[in-house]
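Q: Make a model of this:
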Amino acid sequence: MVTNPDKSRLQARFYYGFLNPHEQTRIREALFETVTQRKDLNIEFAIVLPDGRERIVHVQAEVIYDEQSNKPSKLIGTLQDITDRKLAHEFLEKSERQYRFLSEGIMHQVWTARPDGKLDYVNNRTLEYFGLTFEQMINDGWQSVVHPDDLADCVKRWTKSLETGEYYEVEFRLKKADGSYRWHSGGATAGRDSEGKIVKWFGTNTDINDKKLAEEELNLSEDRFQQLQKMEAIGTLTGGVAHDFNNLLTAILGNTQLAQRRLAPDDPVQLRLTEVADAGNRAAELTRKLLAFSRRQHLERRTVNLNNIIGEIMTLLERIIGEDVELSVKYGSDLPTVFADPGQIGQVVMNLAANARDAMPSGGKLTIETCCVELDESYCRKYPYVTPGRYVQIRVSDSGIGMNEEIQTHIFEPYFTTKEVGKGTGLGLSMAYGIIRQHEGHINLYSELGLGTTFKVYLPVAKKIAEENVLPTLLSFLGGTETILVAEDEEPLRNLAKDTLEELGYTVLLAKNGKEAVEIFGANRERIDLFLSDVVMPQMGGSEAFERIREMGGNIPLIFMTGYSSETVQSRFVEPKKTAEELGAMVIQKPYSLEQLGRAVREVLDKNHKP
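A: The predicted model follows:
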């Protein structure tokens, strides 16, 4: 930092220890001139490294002046090692033959150009890279080997350097002899005569392809991570809204069903209640789609073969895509099993097929393929949530209109659609995304405008063989005389559960939260046969309340009523050391029908019947 421009008293906090001793006087003179004439510092000088090696550096800097005193306060600039180019320049000045000998012995492409920028020399490494003769390279010029997308920027920068004499530096792709391109960092410095006139340009091209690709991969990974975070945030919001909406739907549908049961079949109000129930069921289906995206829906997973799942939905697929689309299915041989919900995976394939059909309004070809793949560390670095290992892949490809990059960025977001109003909800692909993520899987796509789209679904390989598809047996809708403790913080749902169970003959004790449920149990422990509880409640949740009841010696079964999936209940609300099964808990999904609630209660009571 220069504090006084007077030459005799010039004080500079400049570290001279690394300078060549012969350079110190020249540097001080240059600093003094920079300060007194208020111009930028532009100088080359030699430095000595700690190991004794000497390097040539180029410094460009400007003086910053104090606004109040108008005195120089600090010097800001850059320092660049130009040893290699400087040595090349000096060698060329001494002897063209010596310079060329030097250039042939280094790993970089070395070239020189006349003051007007036209090449007049390239080393053999340059010719080998391009697969050209010396005459071809000199006559055609460097513009003939630069990637077309990079040419304009290169010309612009080179033109500026030719006009100003500034150091030329650019990153571009250069075409190899085999037609492929690799990234290079090119640079050139002007050689001047004693009068400062440019007499030669000395340049090098250094291969930076691996570094460039690594940077691009890192940027892509960061972009995908940010996209993942956005999807997670949307999923959290969507799941919360769907969960709260399910509570409302439970009250609406439940009370509608109760009213219908109490009215005569020919009562004119029945028609109105039926319309209410139909609208409620459509709304419930909508919330199920939102829960699928947010990965909070209930899954019934078992070990299955994806070939079987696709084979079972072929008839429906053919109806979905229509006669003007050619459907081709290629089943992978010896396909490993996956641990999945067959119905949900089938829904994913159906949604992808429907999306493909809409992308081919004039017909086309749809191909569905299965195979086993290995996702390695390199692939998984691109997708932060994917674990390396063996996966079964479902590939769904179409010959449709394709998508641009902007659409691809938003394609899995709920309610995002490119279709006209009334021709799509924008939930099909977001459902597919949520379902696959809930299965610890991965989905991505590749698309180009006019060339179609390919979706790839990856599900982790299971360790078990496929299980037989056994249809569940529905219990009859029966009541009983047992006493049931119900904990629910929503008053409409609390009253609905009471009315439903009492109509089936049960005795019901109501609690507004888990804390009150524990108190009621303490006063009625000999009477209570079942604990029916919401999961999330103020003051104390259902899981903690059940644990307190167990500690009090209560050996009663548990049913959770929730809008979340069993997996979400387990991961977020149940004591980590115990599973819901170990707690003896059944989970029923909101909105539930009166029949579903009645069957669940009867099933759990019968299973835990005390002789």
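Q: Leaving out sequence neighbours, find the closest residue to Glu490.
A: Residue nearest to Glu490 in three dimensions, not counting chain neighbours: Asn247, with 5.4 Å by C-beta to C-beta, 6 or more residues apart in numbering. (C-beta placed from N, C-alpha, C; glycine too.)
Q: So for the helix or strand in which that neighbour is found, mean pLDDT?
A: Secondary structure assigned from DSSP states H and E places Asn247 in helix 209-262. In this model, helix 209-262 carries a mean pLDDT of 69.
Q: wait, isn't the residue nearest to Glu490 in contact with Thr562?
A: No. In this structure Asn247 lies outside contact range of Thr562 using C-beta atoms under 8 Å: 9.6 Å.
Q: Helix or strand, whichever it is, which one in the chain has the lowest mean pLDDT?
A: Least confident helix or strand, the chain: helix 566-573 with a mean of 51, by mean pLDDT, DSSP states H and E.
Q: Each with direction, which strands does whichever helix or strand comes after that one pair with?
A: Next helix or strand after helix 566-573 toward the C-terminus (DSSP H and E): strand 585-589. Strand 585-589 has these partner strands in its sheet, going by DSSP bridges: strand 558-562 (parallel).
Q: what mean pLDDT does the partner strand have?
A: For strand 558-562, mean pLDDT rounds to 85.
Q: now swap in stretch 403-415 and tell me
A: In this model, stretch 403-415 carries a mean pLDDT of 74.
Q: Restricting the selection to alpha carbons, write that stretch to CSV.
A: Extracted C-alpha coordinates of stretch 403-415, given in CSV (Å, rounded to 0.1, in the frame of the first residue of the first chain):
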residue,chain,number,x,y,z
MET,A,403,-40.0,-31.4,-24.7
ASN,A,404,-37.6,-28.4,-24.4
GLU,A,405,-35.4,-28.0,-21.3
GLU,A,406,-37.7,-25.5,-19.6
ILE,A,407,-40.6,-28.0,-19.6
GLN,A,408,-38.3,-30.8,-18.5
THR,A,409,-37.3,-28.8,-15.4
HIS,A,410,-41.0,-28.6,-14.2
ILE,A,411,-42.4,-31.8,-15.6
PHE,A,412,-42.8,-33.7,-12.3
GLU,A,413,-44.3,-30.7,-10.4
PRO,A,414,-48.0,-31.1,-9.4
TYR,A,415,-50.5,-29.2,-11.6
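Q: buried set for it?
A: Within stretch 403-415, the residues that qualify as buried are 403, 411-414, counting by 16 or more other C-beta atoms under 10 Å.
Q: just stretch 351-363 next, same as before
A: Within stretch 351-363, the residues scored as buried using 16+ other C-beta under 10 Å are 351-360.
Q: which secondary structure element contains the residue nearest to Lys212 when sequence neighbours are not counted?
A: Using C-beta to C-beta, 6+ apart and skipping the chain neighbours, the partner closest in space to Lys212 is Trp183 (4.0 Å). For Trp183, the element it lies in under DSSP H and E is strand 181-192.
Q: could you point out which element follows that strand?
A: strand 198-207.
Q: From the rest of the structure, what touches that next one?
A: The contact list for strand 198-207 (C-beta atoms under 8 Å, 6 or more residues apart in numbering) reads 84-85, 88-89, 92, 108-115, 117, 126, 165, 168, 174, 182-193.
Q: partners of that strand in the sheet?
A: In the sheet, strand 198-207 lines up with strand 109-113 (antiparallel), strand 181-192 (antiparallel) (DSSP bridges).
Q: right, and those - which one's nearest Asn608?
A: Checking these against Asn608 by C-beta to C-beta gives strand 181-192 as the closest, at 68.7 Å.
Q: Can you give me the buried ones in that closest one?
A: Buried-residue list, strand 181-192, by 16+ other C-beta under 10 Å: 181-191.
Q: same question, stretch 195-203
A: In stretch 195-203, counting by 16+ other C-beta under 10 Å, buried: 200-203.
Q: ok, now stretch 149-164?
A: Quick answer for stretch 149-164 (16+ other C-beta under 10 Å): 150-151, 154, 157-158, 161-162.
Q: And for stretch 319-331?
A: Residues of stretch 319-331 classed as buried by neighbour count (16+ other C-beta under 10 Å): 320-321, 325, 327.
Q: How about residues contacting it?
A: Stretch 319-331 is contacted by residues 307, 310-311, 314, 317-318, 350, 353-354, 356-357, 360, 362-370 when judged by C-beta under 8 Å, 6+ apart.
Q: returning to that earlier point: save the strands paired with strand 198-207 as a markdown table, and put in mean pLDDT and distance to Phe339 too.
A: Below are the strands paired with strand 198-207 laid out as a markdown table (pLDDT from 0 to 100; distance: least, C-beta to C-beta, whole Å):
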| stretch | mean pLDDT | distance to Phe339 |
| --- | --- | --- |
| strand 109-113 | 88 | 54 |
| strand 181-192 | 89 | 43 |
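Q: okay if I get these as TSV plus distance to Thr274?
A: TSV is the format used below for the strands paired with strand 198-207 (distance: least, C-beta to C-beta, whole Å):
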stretch	distance to Thr274
strand 109-113	80
strand 181-192	67
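Q: Run a quick neighbour tally on the closest residue to Asp66 other than its chain neighbours.
A: Of all residues not flanking Asp66 in the chain, Ser73 sits nearest, at 4.4 Å (C-beta to C-beta, 6+ apart). When neighbours are counted by other C-beta atoms under 10 Å, Ser73 registers 15.
Q: Ser73 touches Val35, doesn't it?
A: No. The pair Ser73 and Val35 fails to qualify as a contact (C-beta under 8 Å) at a distance of 10.9 Å.
Q: that older thread, doesn't the residue nearest to Asp66 lie inside a helix?
A: No. Using DSSP: H, G, I helix; E, B strand; the rest coil, the assignment for Ser73 is strand, not a helix.
Q: Correct me if wrong: Leu493 contacts Leu249.
A: No. Using C-beta under 8 Å as the test, Leu493 is too far from Leu249 to be in contact (10.3 Å).
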